[in-house]
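*Asks:* Model the following, please.
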Amino acid sequence: MGRVFVAGSINMDVVATADRHPRIGETVAGTALLYFPGGKGANQAISATRLGATTTLIGRLGKDAFGDQLKAFLGAQGVDLSFVQATAGAATGTAVITSANADNTIVVIAGANALVSAADVTSPVLAKGDIAVSQFEIPMPAIAAFFKRARAAGATTILNPAPATECGTALLELVDILILNETELGFLTKTELRDTDDLVRFVEAARSLPIGRGKIVCVTLGKRGVLALIDDEPRIVAGRAVKAVDTTGAGDCFVGAVAAQLAGGNSISDALEYANAAASICVQRMGAAPSMPTAAEVKALISR
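*Replies:* Residues are numbered from 1 along each chain as shown. Below is the predicted model of the structure:
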């Protein structure tokens, strides 16, 4: 059994719910103000942990009330926090989220996440069979250092390039599995993509990514499911019909589930089917980190 190591962001999500999103310059009445643990790194680590993987999170918190609350929550989930540092002089990362009609808009203030360094991410000792996961909410040099260390140890690297940010081919070449949505795929390939486009367009865009041969690309398409390129051949995992309540964290749930499955020795095909089921549970709940399902819940869904 391998382990999962996640180098990434830890945020407090401040969620305002409303009947609809405001237009530019408009004020609308909200229905509730909620606080949820979040951050793509923390979400993915919690997802992997709840789905049975031994998981270590690498990142930074501020020395403030949000930081204390997040550390307590993550520890209670069973995530190893040995490599999470409390950082003086920087606030804990915060995401301001507007949620309406099961869709969301998000503004992220990096805070302490912006101070994650190459030294931070190369401190843990990885081994063959481990899974190294990261996203774009910590500095690029730290991600590159993390993946170089993982590659040297024989671990598998998973990158979730979100939020969409310019990155060089040198970083993408360190990635074994790329997991992204249609917006991020369009950004990285400079292609205008819509979630209603024919799947052939997504296949063509995915094949144009400068990541080298033999890499796996997974494009999450919401209710349409997942498109994956495995050995350059497309594979479709059909979506599951559910009533979505909050899509915040669904992609992170998917990433964590894939990592947990691969760490457990399962094939990428099985991991994608499993992760798709896990994400369909996640979207039926409010919040990011708290909405991550357990292995028992996913097993029950798949068995039905």
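
*Asks:* And for the closest residue to Leu159 other than its chain neighbours, the neighbour number?
*Replies:* Closest residue in space to Leu159, ignoring its immediate chain neighbours: Val175 at 4.4 Å, by CB to CB, 6 or more residues apart in numbering. (Each C-beta comes from the backbone N, C-alpha and C, glycine too.) If you count neighbours by other CB atoms under 10 Å, Val175 ends up with 26.

*Asks:* any idea how far Val175 lies from Gln135?
*Replies:* Using CB to CB, to the nearest Å, Val175 is found at 12 Å from Gln135.

*Asks:* Thr247 versus the closest residue to Asn11 other than its chain neighbours, what's the distance?
*Replies:* The shortest distance from Asn11 to any non-neighbouring residue, by CB to CB, 6+ apart, is to Gly39 (3.5 Å). Per CB to CB, Gly39 is found 16 Å from Thr247.

*Asks:* The two: which has the busier surroundings?
*Replies:* Neighbours per residue, other CB under 10 Å: of Gly39 and Thr247, the larger number sits with Gly39, 35 against 18.

*Asks:* still on that earlier bit, what are the phi and psi angles of the residue nearest to Asn11?
*Replies:* With angles defined as degrees, to the nearest 10, Gly39 sits at phi 90, psi 130.

*Asks:* mind checking how far it is from Gly8?
*Replies:* Counting by CB to CB, the gap from Gly39 to Gly8 is 7 Å.

*Asks:* Which neighbours do these two have in common?
*Replies:* Gly59, Asn113, Glu137 (CB atoms under 8 Å, 6 or more residues apart in numbering).

*Asks:* any chance of those residues in JSON lines, with distance to Val79, pLDDT and secondary structure too?
*Replies:* Output for the shared contacts of Gly39 and Gly8, formatted as JSON lines (distance: CB to CB, whole Å; pLDDT from 0 to 100; DSSP: H, G, I helix; E, B strand; the rest coil):
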{"residue": "Gly59", "distance to Val79": "11", "pLDDT": "98", "secondary structure": "strand"}
{"residue": "Asn113", "distance to Val79": "16", "pLDDT": "98", "secondary structure": "helix"}
{"residue": "Glu137", "distance to Val79": "17", "pLDDT": "95", "secondary structure": "coil"}
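
*Asks:* Out of these, which is nearest to Leu272?
*Replies:* Glu137 (23.3 Å; CB to CB).

*Asks:* ok, the closest one - contacts?
*Replies:* So Glu137 contacts Gly8, Ser9, Asn11, Gly39, Lys40, Gly41, Gly93, Val108, Ala110, Asn113, Ala162, Pro163 (CB under 8 Å, 6+ apart).

*Asks:* Out of the helices and strands in the chain, which is least certain?
*Replies:* Of all helical and strand segments in the chain, the minimum by mean pLDDT, DSSP states H and E falls on strand 103-109, at a mean of 86.

*Asks:* can you map out the strands along this protein?
*Replies:* 4-7, 11-18, 30-38, 55-62, 80-87, 93-100, 103-109, 131-135, 156-160, 177-181, 216-220, 225-230, 233-238 (DSSP state E).

*Asks:* In contact with the residue most central in space within the chain, which residues are there?
*Replies:* In the chain, the residue lying closest to the centroid (CA atoms, centre = their mean) is Asp252, at 3.0 Å. Taking CB under 8 Å, 6+ apart, we find Asp252 in contact with Lys40, Asn43, Gln44, Ser47, Asn160, Ala288.

*Asks:* With Ala263 instead?
*Replies:* Taking CB under 8 Å, 6+ apart, one finds Met1, Gly2, Arg3, Val4, Ala48, Ala53, Thr54, Gly129, Asp130, Ile131 in contact with Ala263.
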